[in-house]
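[1] this one's sequence-less:
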DNA sequence: CAGGTC
DNA sequence: ACTGG
């Protein structure tokens, strides 16, 4: 089985951090679906063994191309993040297919990871081309028959997802990766069901914008606590503070704090 | 109550 | 405001 170098990389932590939903445990590794490929990955020391795709695809998907040493150095400039970093240094920012990422995070509002994963898998099973037995690629945007999404049980997110399937041009979506930050963000927010939080998720987890910082309820709590004496402030100020502090590593800082607070790590103290 | 949006 | 854990 081919393998690639991934020193210090934590596959389990990265996959379970809620950036990407098309994965499941598979033996002593994971099975992932991205961009028409079924990838089987297994951590082996400081390497990742892989089957089903190219090394370049795996490296890009898992965020292994980034200079992680430089990223960690940037994160350590903040003493409070430095305190929790030892436990989360293996986190990477993934770069998945933008269309799948967009639909996933539109499904994510007021939901939870298990349900989001079920919604995304359901859409793939119902409408996506089969790749292997029982494993389907995610379908590209196309006009879906009225009511076709009903069995997916998206609730009030259904009309947003239907709107995305009707309107999104994947090539245009990909092209946003080359646009300036504010322009890409504004373009995404034109889409149905996409507000600031979802827009920055798509930018961070699929378009390569390391300075993106999705502010959800958890990051709002952390940001207020860290920098605003626990006062209410607009989400935009929290995101801008992450960017001012961590620059193009804001997305990684956000993802580490997100995971840490969900693990119950107290903000502003070293983890036990 | 859950990683918001209109 | 849907829906499910």
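    Now that the structure is in, tell me what you want to look at. Keep in mind it's a predicted model, so treat the numbers as computed, not measured.

[2] Any chance you could list what contacts the helix ranked longest in chain A?
    In chain A, taking DSSP state H as the definition, the longest helix is helix A:113-127. By CB atoms under 8 Å, 6 or more residues apart in numbering, the residues outside helix A:113-127 that reach it are A:18, A:21-22, A:33, A:100, A:103-104, A:107-108, A:111, A:136-139, A:144, A:148-149, A:151-154, A:157, A:161. For every residue, glycine as well, the C-beta is placed using N, CA and C.

[3] pLDDT (mean, whole number) over it?
    Within the predicted structure, the mean pLDDT of helix A:113-127 is 95.

[4] Show me what secondary structure element comes after that helix.
    strand A:130-132 (DSSP states H and E).

[5] tell me what that next one is packed against?
    strand A:37-44 (3 or more CB pairs under 8 Å, 6 or more residues apart in numbering; DSSP states H and E).

[6] And the contacts of the strand it packs on?
    Contact with strand A:37-44 is made by A:1, A:3, A:6, A:9, A:11-12, A:26-33, A:48-53, A:57-58, A:61, A:131-132, A:135, as judged by CB under 8 Å, 6+ apart.

[7] In strands, which of the residues you listed fall?
    A:3, A:26, A:29-33, A:48-51, A:131-132, A:135 (DSSP state E).

[8] Arrange those residues in CSV, one row each, with distance to residue A:212 and pLDDT as further columns.
    Below are those laid out as CSV (distance: CB to CB, whole Å; pLDDT from 0 to 100):
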residue, distance to residue A:212, pLDDT
A:3, 30, 98
A:26, 30, 95
A:29, 29, 96
A:30, 25, 97
A:31, 28, 97
A:32, 22, 97
A:33, 24, 97
A:48, 25, 98
A:49, 31, 98
A:50, 27, 98
A:51, 31, 97
A:131, 30, 97
A:132, 33, 95
A:135, 30, 96
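
[9] which of those residues count as buried?
    Among the ones in strands among the contacts of strand A:37-44, those classed as buried by 16 or more other CB atoms under 10 Å are A:3, A:29-33, A:48-50, A:135.

[10] out of those residues, who's nearest residue A:242?
    Residue A:242 lies nearest to residue A:32 out of these, by CB to CB, at 27.6 Å.

[11] Check whether that closest one really touches residue A:23, as I assumed.
    Yes - shown here, residue A:32 and residue A:23 form a contact pair, counting by CB atoms under 8 Å, at 4.4 Å.

[12] Now render the ones in strands among the contacts of strand A:37-44 as TSV, adding distance to residue A:211.
    Shown next, in TSV, are the ones in strands among the contacts of strand A:37-44 (distance: CB to CB, whole Å):
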residue	distance to residue A:211
A:3	32
A:26	34
A:29	32
A:30	28
A:31	31
A:32	26
A:33	28
A:48	27
A:49	32
A:50	29
A:51	34
A:131	34
A:132	37
A:135	34
